[in-house]
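Peer 1: got a structure for you, letters missing:
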């Protein structure tokens, strides 16, 4: 309709709400002015409720200002009653430059003045017809919507991987590997280790995990690798060999596949120094790093290639990198949720990646 919310968007909404509600979600779609849109939305929402992957949607642009105004009005009205809307400071109207603020009506309370509500006492007995017959413009608009829906249905991929999660590790003797195999976690995943050579290294594990996703063997994959100083990459085209981390390997290998045009890398607890050489000049790779003040380290302490990392990070001011710094000693679940919904997801939907790499470096003893 007017808000241009495609059926696939409803599946994404279901994914957003499900973790917030601990899986307890009631979905009610109402409508009727466009049955084709409603039926497709119901079908894709049902697939999302059953755990199927959400269909990919086209890159989004900035929302219509009227939509933003409506959302801001809802937040302002519900803020006194919904504690979840109070985590941000309230901005007083006098603190806003009304001349340049596109949502000046939100500064008023109630948001819209002189709104008349129908009550049992004031409700009219008869409501006059707005028009006697269907307008030609409405009919032509409906036809254009139906044509757009046909294209969306035709181009929506409903492919579903054979398994939910695959898993691989480069060290079967590690404490983490032992813990996962003894618990139910490992048995619930499809193990890739039986397909790896006996002397499998980091590169083999990373490539196996990525292959399992791109071949639709698994919807997602977990790759457990130990911290290491780097994997030596041989010289190519006369260039000198350089050190690759597991992140470099993953990005390079995923980018070499024709299915992946854009790659998103989300790094938790990483220093900006970790933005390695491999893709600082590649506009098809977007890095998002999340770091707390308490875990901050100097570049030289975090990376042996201090000068190289500094130079590459500053070489291209337009490089695809978003650094999020939380000014707390530790990152809480609330911080993660806020950053996810307010920064990472909006940026990701505009970037529209084909492949997402999430990395998390855990502190470990020297011998682990």
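Peer 2: Yep, that arrived. Keep in mind it's a predicted model, so treat the numbers as computed, not measured.
Peer 1: surely residue 253 and residue 208 touch.
Peer 2: No: with contact defined as CB atoms under 8 Å, residue 253 does not reach residue 208; the gap is 10.2 Å. C-beta here means a position set from N, CA and C on the backbone, and glycine is covered the same way.
Peer 1: comparing these two, which residue is more hemmed in?
Peer 2: Per other CB atoms under 10 Å, whichever of residue 253 and residue 208 has more neighbours is residue 208, with 20 against 17.
Peer 1: that one against residue 191, yeah?
Peer 2: No: counting by CB under 8 Å, residue 191 is not a contact partner of residue 208; they are 10.2 Å apart.
Peer 1: ok, the residue nearest to residue 169 when sequence neighbours are not counted - contacts?
Peer 2: Sequence neighbours aside, residue 224 is the residue nearest to residue 169 in space, at 4.0 Å (criterion: CB to CB, 6 or more residues apart in numbering). Residues near residue 224 by CB atoms under 8 Å, 6 or more residues apart in numbering: 167, 168, 169, 170, 171, 174, 176, 177, 180, 205.
Peer 1: run the last query once more with 7 Å
Peer 2: 169, 176, 177 (CB atoms under 7 Å, 6 or more residues apart in numbering).
Peer 1: with residue 213 instead?
Peer 2: By CB under 7 Å, 6+ apart, residue 213 lies in contact with 220, 221.
Peer 1: swap the cut-off to 10 Å and go again
Peer 2: By CB atoms under 10 Å, 6 or more residues apart in numbering, the contact list for residue 213 reads 161, 166, 219, 220, 221, 254, 257, 259, 260, 355, 356.
Peer 1: which parts of the stretch 51-200 of the chain are strands?
Peer 2: Under the criterion DSSP state E, counting those that start in this stretch, the stretch 51-200 of the chain contains strands at 163-169, 190-191.
Peer 1: export those strands to a markdown table and tack on distance to residue 31?
Peer 2: Shown next, in a markdown table, are those (distance: least, CB to CB, whole Å):
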| stretch | distance to residue 31 |
| --- | --- |
| strand 163-169 | 32 |
| strand 190-191 | 39 |
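Peer 1: go through these and name the closest to residue 266.
Peer 2: Closest of the strands of the stretch 51-200 of the chain to residue 266 is strand 163-169, at 17.3 Å (criterion: CB to CB).
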